[in-house]
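Novice: Only the shape, not the letters, is given here:
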């Protein structure tokens, strides 16, 4: 037992997107009841609850916030769009600081509507990120770049691999910009082992998120995420690589899945705990 | 004019999958009528037509076969499955030789049903490939490894990037094993420019296939391919990289798309020609 919790859940965090129908209050209560020490928060749930109240709810339940999700969408080509995105990201940084989490997850954004200039979009995202870093630094918030599966390259994230995320992060101090390893997004990458080691060596392995990849891909590809064990990901090697890279932080479970969302939150959480203990924890 | 054809189509090849409802005979006639010098053949259409007859039909129309599609699916874990796959691939090699094409496209296969050992599947595919190379060499056939989009990693191809394909090919002489660049599969890759240059430098840039990536992804992700200009791919930079790498071979158009398949073949071919001339050719 650690702090009154079963020791083996000491690093498990529930991302509120997994129990989408729960309010932030319900998610905090559910996580605490299941013995989890942490929650990963989406901004929409925080906004619903109210920022200060959200921070208090988590604190009062004795939990920590493993990350705030999400900033980003920095690829706009027009000055107004870019400026609006930066404003929104500055607010996200401040929200992360208020919630007491060091880490703001960043999904960099896809191609603007009708635009095919992928190289240009990547350059604009890197440029806007650079403008945001000092603000994050001032607030003690680390920006965590999340490479997304290449099937989302056009509409969600022009950042598709862990190495690419590390290349972008490399322009900034590691304390300010790091990366997320989300198994759903990177499991296929032939360079993954080396990239995870590189992230560790560079001090930029900021978050480990476990989520399965369902095949066939869901009709809405965003919802093709599954609870560990329900898809094709082999969590053993990836978890070993993450551990070997020195990662000792929280392990967040973030599942977008229509069937999971339709299920009882407590039952979902029980399944998450079971699969984490079986498929992930032994390799961490 | 080159050989009586408009010069600007001298490298354009129709893959028979684009005009799926056409028999091989119709595809050959359609391509010749549209002024194309080449066709890429799928084995099912060749089998329907009969191998010798297919070879004769193409030859008599004054066309060439840019590639035969496809061999591969070499990831079976059981000896019987492996042996059956190798037998089928040996036949495909012989078919390619009979059809007078140097190039057999290889899609290496996904994870066996219920198997999550991605590293193991990759190793088995490379091992089976090595067993096939001498047979291909004897028949003067080059095996073209095709990296597929990572969204097909589990069920189609454990080969997901051009660099990975080049790593696998590197165990064999360049005259025997080379790679395919299909824009649909690789457009998102942040390492693409460097990998294309590497393929050229290694003498392994065996085929350039142009096809767009449609967003949102089709309900059946296999059918999310589109005619150039209908999706998110920027053909200018990729075509320039391919040209700079020294590629002077055929440019094959292979589109799996329900709407395209439901359209009149001649109209589809006219659109392909128009888009090729507008979006690809100026950059080659």
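Specialist: Thanks, I have the structure now. What you are looking at is a predicted structure, and each value in this text was computed from that prediction instead of being measured. Residues are numbered from 1 along each chain as shown, chains lettered A, B, ... in the order given.

Novice: rest of the way, CA atoms for contacts and neighbours
Specialist: OK.

Novice: Name the residues of the stretch 151-284 of chain A found near chain B, please.
Specialist: Residues of the stretch 151-284 of chain A found near chain B (Cα under 8 Å from any Cα of the partner chain) are A:151, A:153-155, A:158, A:160-161, A:164, A:188-190, A:215, A:217-221, A:232-234.

Novice: ok, 7 Å please
Specialist: Contacts of the stretch 151-284 of chain A with chain B, taken as Cα under 7 Å from any Cα of the partner chain, map to A:151, A:153-154, A:164, A:188, A:190, A:219, A:232-234.

Novice: swap in the stretch 1-150 of chain A?
Specialist: Counting by Cα under 7 Å from any Cα, the positions of the stretch 1-150 of chain A adjacent to chain B are A:116-117, A:150.

Novice: before we move on, what SS does the closest residue to chain B within the stretch 51-200 of chain A have?
Specialist: Of all residues in the stretch 51-200 of chain A, the one sitting closest to chain B is residue A:116 (5.4 Å; Cα to the nearest Cα). Following DSSP: H, G, I helix; E, B strand; the rest coil, residue A:116 is assigned to coil.

Novice: now residue A:87: how far from residue A:128?
Specialist: Using Cα to Cα, to the nearest Å, residue A:87 is found at 11 Å from residue A:128.

Novice: ugh, wrong one, residue A:49
Specialist: From residue A:49 across to residue A:128, the span is 29 Å (Cα to Cα).

Novice: which of these two has more neighbours?
Specialist: Between residue A:49 and residue A:128, counted using other Cα atoms under 10 Å in any protein chain shown, the more crowded position is residue A:128 (20 against 16).

Novice: does the closest residue to that one other than its chain neighbours sit in a helix, a strand or a coil?
Specialist: Nearest non-adjacent residue to residue A:128, counting by Cα to Cα, 6 or more residues apart in numbering or on different chains: residue A:74, 6.1 Å away. Following three-state DSSP, residue A:74 is assigned to coil.

Novice: Residue A:74: how many residues sit nearby?
Specialist: Neighbours of residue A:74 under the rule other Cα under 10 Å: 29.

Novice: Would you mark the buried spots in the host helix or strand of residue A:272?
Specialist: Assigned by DSSP states H and E, residue A:272 falls within helix A:265-275. Using 16 or more other Cα atoms under 10 Å in any protein chain shown as the test for burial, helix A:265-275 gives A:265-266, A:268-269, A:272-273, A:275.

Novice: and the spatially most central residue of chain A, what element?
Specialist: Closest residue to the average C-alpha location of chain A: residue A:105 at 5.3 Å, with Cα atoms, centre = their mean. Assessed by DSSP H and E, residue A:105 sits inside strand A:103-107.

Novice: list the helices and strands that strand packs on?
Specialist: The contact analysis (3 or more Cα pairs under 7 Å, 6 or more residues apart in numbering or on different chains; DSSP states H and E) places strand A:103-107 against strand A:64-72, helix A:79-99, strand A:142-145.

Novice: Out of the ones you listed, which one sits most buried?
Specialist: Per-stretch averages of neighbours, counted by mean count of other Cα atoms under 10 Å in any protein chain shown, single out strand A:142-145 among the helices and strands packed on strand A:103-107, with a mean of 29.

Novice: circling back: among the helices and strands packed on strand A:103-107, which is nearest residue B:93?
Specialist: In terms of Cα to Cα, the element of the helices and strands packed on strand A:103-107 nearest to residue B:93 is strand A:142-145, at 45.0 Å.

Novice: Show me what the mean pLDDT comes to for the closest one.
Specialist: Per-region confidence: strand A:142-145 scores 98 on mean pLDDT.

Novice: Kindly report the same for stretch A:127-135.
Specialist: So the average pLDDT for stretch A:127-135 ends up being 98.

Novice: got the buried residues for it?
Specialist: By neighbour count, with 16+ other Cα under 10 Å as the criterion, the buried positions of stretch A:127-135 are A:128-130, A:132-133, A:135.

Novice: go on, stretch A:180-194?
Specialist: Of the residues in stretch A:180-194, A:180-193 count as buried by neighbour count, 16+ other Cα under 10 Å.

Novice: quick revisit: for residue B:232, see how far away the residue of the stretch 51-200 of chain A closest to chain B is.
Specialist: Residue A:116 is 5 Å from residue B:232, by Cα to Cα.

Novice: Mind checking which of these two has more residues around it?
Specialist: Using other Cα under 10 Å as the criterion, residue A:116 and residue B:232 rank with residue B:232 on top: 25 against 18.

Novice: Name the residues of stretch A:229-245 that come out as buried.
Specialist: By 16+ other Cα under 10 Å, the buried positions in stretch A:229-245 come out as A:229, A:231-235, A:237-245.

Novice: Find me the pLDDT at residue A:8, would you?
Specialist: 89.

Novice: what's around it, how many residues?
Specialist: Neighbours around residue A:8, by other Cα under 10 Å: 16.

Novice: for residue A:113, same thing?
Specialist: Residue A:113, neighbours per other Cα under 10 Å, totals 10.

Novice: just residue A:10 next, same as before
Specialist: Each residue near residue A:10 was counted by other Cα under 10 Å, and the total is 18.
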